[in-house]
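*Asks:* take this sequence and fold it.
(2 chains)
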Amino acid sequence: MKRAFEIIDHVADVGIVAYGKDAKELFSNAALALFSLITEPESIEEKLQLDLEVSSEDMDSLLVEWLNELIYLFDVERILFSRFDIRSLTRNELDATCYGEGIDSMKHKIKLGVKAATYHMLKLEQNGDGYKAQIILDI
Amino acid sequence: MARWQGQLIRVDDYRWKIPENYKTGMRVPGLIYASQEMLESICEEQTPEQVANVAFLPGIVGYSLAMPDIHWGYGFPIGGVAAMDIKDGVVSPGGVGYDINCGVRLLRTSLSEAEVRPRIRELINALFFNVPSGLGSEGKMKISQKEMNQLMVEGARWAVNHGLGFEEDLDVTEEGGCIGGADPSKISDRAVKRGLPQAGTLGSGNHFLEVQVVKEIFDSHIASVMGIDEIGQILVLIHTGSRGFGHQVCTDHLRIMEGAISKYGINLPDRQLACAPIESSEGKDYLAAMACAANYAWVNRQCIAHWARESFSKVFGKSPEALGMKQVYDVAHNIAKIEEHTIDGRKLKVCVHRKGATRAFPAGHKDTPRRYKEVGQPVLVPGDMGRCSFIAVGTEKAMADSFGSTCHGAGRVLSRGAAKRSMKGRDVVQELENRGITIKTGSFPSLAEEASQAYKDVTEVIEVVHQAGISKKVAMAIPMGVIKG
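*Replies:* Numbers count the residues shown, from 1 in each chain, chains lettered A, B, ... in the order given. So this is what the prediction gives:
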């Protein structure tokens, strides 16, 4: 099976490449990649769930907005997520339930303060194997 | 990343031109300030391509400029300067960057190395205790929404009015610590929510507070105007910006501009260059929101400077005034400003984007503060934590050649991951200690990412801008103690 995601190095920042057999899996894996940069994913328990709706102009920007939504929740509400149930996804709308817990400084080691998902070098491709996306993050 | 293969034409020893015909769609040529040796490393990445891409933006005049500390950013390179005619030009949030008004503030002291070195650990501990820093750090000020609206409009003055600092600090802060046109109604609730808890915090990443020792003075007259009188004198340098607030403002407005590109029929080679005409509602809204974030950043540096003074005061048992802790200057290095410049003999009002670049106005300029009217506006150029920082001044040549702009720092050469790998198994803290630098950080992983070899040598960067005449170097200082976010 193909990997869910990879982390790529960028001179100023860091990027992720996410894969998925369909767009839903791609969006879920991109979010997992994001939280794997922030902390150790195994340390996040499913203690709370949150429904999110995100909309944008097209699927590329929807992916950026989706990650920015999660970054906002991390930065302001101090929540870490480890599972994403993407209930519906169109080219410009997403509906998901996210599972995770609030940051516990005794338990979670915060490795990186990701501050924004960017449009820079943004790539979202669909081929015979499914979907692949590259997103650069500002840290 | 592939090496850049494009064409560069040598203008002189320190300037290299990307001709306008390099790519269809460029409206002006690109111009990179660098030495021959630096050019090698600049072309190892696709950075010059970004300089060429910026030249696509409507209304750009003169050149798409790059300073010698240029490195690859999103859309715009970091170290990029671009001026757009306000009549038919655009403003681009990417040309300012996420950390709006990231900048540096320098304080002088009357203390000497001999007085401070024996107590450096105590001092660094006091600073670390007093200045909130690190990932997700929260400020010690509790600000209401109403106060947030005030500080967005008033900038550094808001902090001074609350007893954090002196009136004269404002005289030696770019724009007096407050850029006009700030409109809190253009700020999203999300940005406010991110901004409220982080006001008055240093943050993480490359942000720092340094206790420095003056090592070299190149121009003693100008240095003395700044209150820098002798080798061994202690300075304090603060580097931070608008924290999550600025990031959210940039994110929000990039999204708005994404929609504006097709509305205004703008053709761009990179989505991250999203922009809108300066005179459009999207353009005006961004500038009004950017001003709020810029003012927030000035409040941030004003507060931190005050707590730094308090920390010195506590350790040395004297008031900040008795310790001579006057502010030398405060510069923004991620900002867009409406300024007047002469282009091809014509006076034009332009929107100058400085992303990882510093304003460098000459002596006599109306916006050069009174104290520096005869010597030029101070330019503060921090290096990485293991090397040195420079103090320079702006020049007439900067006004003529680079829209009154110069470099901002060292410029990354290694990605954070690569820097970390290069430091694997090495003790960064111990290596710095061995060189006489005491460091305290809330985040050890990020320390390795900021190691010296991740950056260009700032000495080479300053040499280029000095030789090219767009700044004049005045003094150099090295770190003795560092608080790293």
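
*Asks:* SS state for B:P132?
*Replies:* coil (DSSP: H, G, I helix; E, B strand; the rest coil).

*Asks:* which phi and psi values does it adopt?
*Replies:* phi -60, psi 130 (degrees, to the nearest 10).

*Asks:* quick one, longest helix in chain A?
*Replies:* helix A:23-38 (DSSP state H).

*Asks:* show me what that one is packed against.
*Replies:* strand A:5-9, strand A:14-20, helix A:59-72, strand A:79-89, strand A:93-102, strand A:130-138 (3 or more CB pairs under 8 Å, 6 or more residues apart in numbering or on different chains; DSSP states H and E). C-betas here are computed from N, CA, C, even on glycine.

*Asks:* I'd guessed B:A55 sits against B:S64; true?
*Replies:* Yes - using CB atoms under 8 Å, B:A55 is in contact with B:S64, at 4.0 Å.

*Asks:* of these two, who's got more company?
*Replies:* Higher neighbour count among B:A55 and B:S64: B:S64, with 29 against 24, using other CB atoms under 10 Å in any protein chain shown.

*Asks:* quickly list what the more buried one is bridged to.
*Replies:* Beta bridges link B:S64 to B:G30 when assigned by DSSP bridges.

*Asks:* was I right to think it contacts B:V54?
*Replies:* Yes - using CB under 8 Å, B:S64 makes contact with B:V54 at a distance of 4.2 Å.

*Asks:* once you drop chain neighbours, what's closest to A:D85?
*Replies:* A:T97 (4.6 Å; CB to CB, 6 or more residues apart in numbering or on different chains).

*Asks:* quickly list what the one you found is bridged to.
*Replies:* A:D51, A:D85.

*Asks:* let me see the contact set for it.
*Replies:* A:Q49, A:L50, A:D51, A:L52, A:F84, A:D85, A:R87 (CB atoms under 8 Å, 6 or more residues apart in numbering or on different chains).

*Asks:* quick revisit: between B:A55 and B:S64, what contacts are shared?
*Replies:* B:I18, B:M26, B:V28, B:P29, B:G30.

*Asks:* spit out the contact partners of the fourth one.
*Replies:* With contact set as CB under 8 Å, 6+ apart, B:P29 has these partners: B:K17, B:I18, B:P19, B:E20, B:A55, B:Y63, B:S64.

*Asks:* show me which positions of stretch B:221-235 end up buried.
*Replies:* Buried positions in stretch B:221-235, judged by neighbour count with 16 or more other CB atoms under 10 Å in any protein chain shown: B:I222, B:A223, B:V225, B:M226, B:G227, B:I228, B:Q233, B:I234, B:L235.

*Asks:* oh, I was asking about stretch B:20-32
*Replies:* Neighbour count says stretch B:20-32 has B:E20, B:Y22, B:K23, B:M26, B:V28, B:P29, B:G30, B:L31, B:I32 buried, by 16+ other CB under 10 Å.

*Asks:* low-confidence ranges in chain A?
*Replies:* A:1-2, A:10-12 (pLDDT under 70).

*Asks:* which parts of it sit against chain B?
*Replies:* For chain A, the residues in contact with chain B (CB under 8 Å from any CB of the partner chain) are A:7, A:9-14, A:56-57, A:60-61, A:65, A:68, A:72, A:75-76, A:78, A:103, A:110-113, A:115-116, A:118-122, A:136, A:138-139.

*Asks:* how about 7 Å then?
*Replies:* A:9-12, A:14, A:57, A:61, A:68, A:72, A:75-76, A:110-111, A:113, A:115-116, A:118-120, A:122, A:136, A:138-139 (CB under 7 Å from any CB of the partner chain).

*Asks:* please pick the buried ones from the residues you listed.
*Replies:* With burial judged by 16+ other CB under 10 Å, the buried subset of the residues of chain A next to chain B is A:9-12, A:14, A:61, A:68, A:72, A:75-76, A:110, A:113, A:115-116, A:118-120, A:122, A:136, A:138-139.

*Asks:* spatially central residue for the chain, please.
*Replies:* You didn't say which chain, so I picked chain A. A:A31 (1.8 Å; CA atoms, centre = their mean).

*Asks:* chain B, not that one
*Replies:* Short answer for chain B (CA atoms, centre = their mean): B:H333, at 2.7 Å.

*Asks:* leaving out sequence neighbours, find the closest residue to that one.
*Replies:* B:H333 sits nearest to B:H408 (CB to CB, 6+ apart), 3.9 Å away.

*Asks:* name the element that neighbour belongs to?
*Replies:* Under the criterion DSSP states H and E, no helix or strand holds B:H408.

*Asks:* tell me the bridge partners for B:P479.
*Replies:* Beta-bridge partners, per DSSP bridges, of B:P479: B:Q212.

*Asks:* what is the burial count for it?
*Replies:* Neighbours of B:P479 using other CB under 10 Å come to 26.

*Asks:* just confirm it contacts B:G383, I think it does.
*Replies:* No - using CB atoms under 7 Å, B:P479 is not in contact with B:G383, being 8.7 Å away.

*Asks:* which ones are touching the residue of chain A found nearest chain B?
*Replies:* As assessed by CB to the nearest CB, chain B sits closest to A:H120 within chain A, at 3.2 Å. A:H120 makes contact with A:I136, B:Y74, B:G75, B:D270, B:Q272, according to CB atoms under 7 Å, 6 or more residues apart in numbering or on different chains.

*Asks:* just checking, the first one touches A:D13?
*Replies:* When you say that, I think you mean A:I136. Yes - the pair A:I136 / A:D13 is scored as a contact, 5.9 Å apart, by CB under 7 Å.

*Asks:* so B:L107, which state does it fall into?
*Replies:* B:L107 ends up strand, using three-state DSSP.

*Asks:* for the residue lying closest to it once chain neighbours are set aside, give the beta-bridge partners.
*Replies:* Among residues not flanking B:L107 along the chain, B:V236 sits closest, at 4.3 Å (CB to CB, 6+ apart). Beta-bridge partners of B:V236, counted by DSSP bridges, are B:L107, B:V211.
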